[in-house]
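Novice: structural data only, the sequence is not supplied:
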């Protein structure tokens, strides 16, 4: 479970669908197959966190870190 039901209900339907779609792509090991899910879950968490505590700088820093990790998983980090 990614988050509690009340928080999940705040995630837009298209982003919920993306999280569900990408969870099925993950392999057994945390490797490049996890990158799409990592991005989707990070966007969902950032969305709910921003609704609760609107702080663009904090949201953007969180997303940069998490999306950067997804890039690392795919071997695309600089």
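Specialist: Sure thing, it's come through. Owing to the predicted nature of the structure, the values given are computational and were not obtained by experimental measurement. Numbering: from 1, shown residues only.
Novice: quick check: closest non-adjacent residue to residue 43.
Specialist: Nearest-residue entry for residue 43: residue 15, 6.1 Å, with adjacent residues in sequence omitted and distances by Cβ to Cβ, 6 or more residues apart in numbering. The C-beta positions use only the backbone N, C-alpha and C, and glycine is treated the same way.
Novice: one more: residue 69?
Specialist: residue 38 (6.3 Å).
Novice: returning to that earlier point: the residue nearest to residue 43 against residue 42, yeah?
Specialist: No - judged on Cβ atoms under 8 Å, residue 15 makes no contact with residue 42 at a distance of 10.6 Å.
Novice: more neighbours: which of those two?
Specialist: Comparing residue 15 with residue 42 by other Cβ atoms under 10 Å, the one with more neighbours is residue 42, at 19 against 15.
Novice: my guess is the more buried one meets residue 62, correct?
Specialist: Yes - counting by Cβ under 8 Å, residue 62 is a contact partner of residue 42 at 7.3 Å.
Novice: quick one: secondary structure of residue 59?
Specialist: Assigned by DSSP: H, G, I helix; E, B strand; the rest coil, the conformation of residue 59 is helix.
Novice: which helix or strand lies directly C-terminal to the strand or helix carrying the residue nearest to residue 43?
Specialist: In this structure, residue 15 sits in helix 13-23 according to DSSP states H and E. Remark: after helix 13-23, the chain's next helix or strand is helix 35-52, criterion DSSP H and E.
Novice: who does that next one touch, helix- and strand-wise?
Specialist: Under the contact criterion of 3 or more Cβ pairs under 8 Å, 6 or more residues apart in numbering; DSSP states H and E, helix 35-52 touches helix 13-23, helix 56-73.
Novice: which elements pack onto the shortest one?
Specialist: Packed against helix 13-23, as judged by 3+ Cβ pairs under 8 Å, 6+ apart, are the following elements: helix 35-52.
Novice: what is the neighbour count of the residue nearest to residue 69?
Specialist: For residue 38, the neighbour count with other Cβ under 10 Å is 20.
Novice: so who does it touch?
Specialist: 66, 69-70, 73 (Cβ atoms under 8 Å, 6 or more residues apart in numbering).
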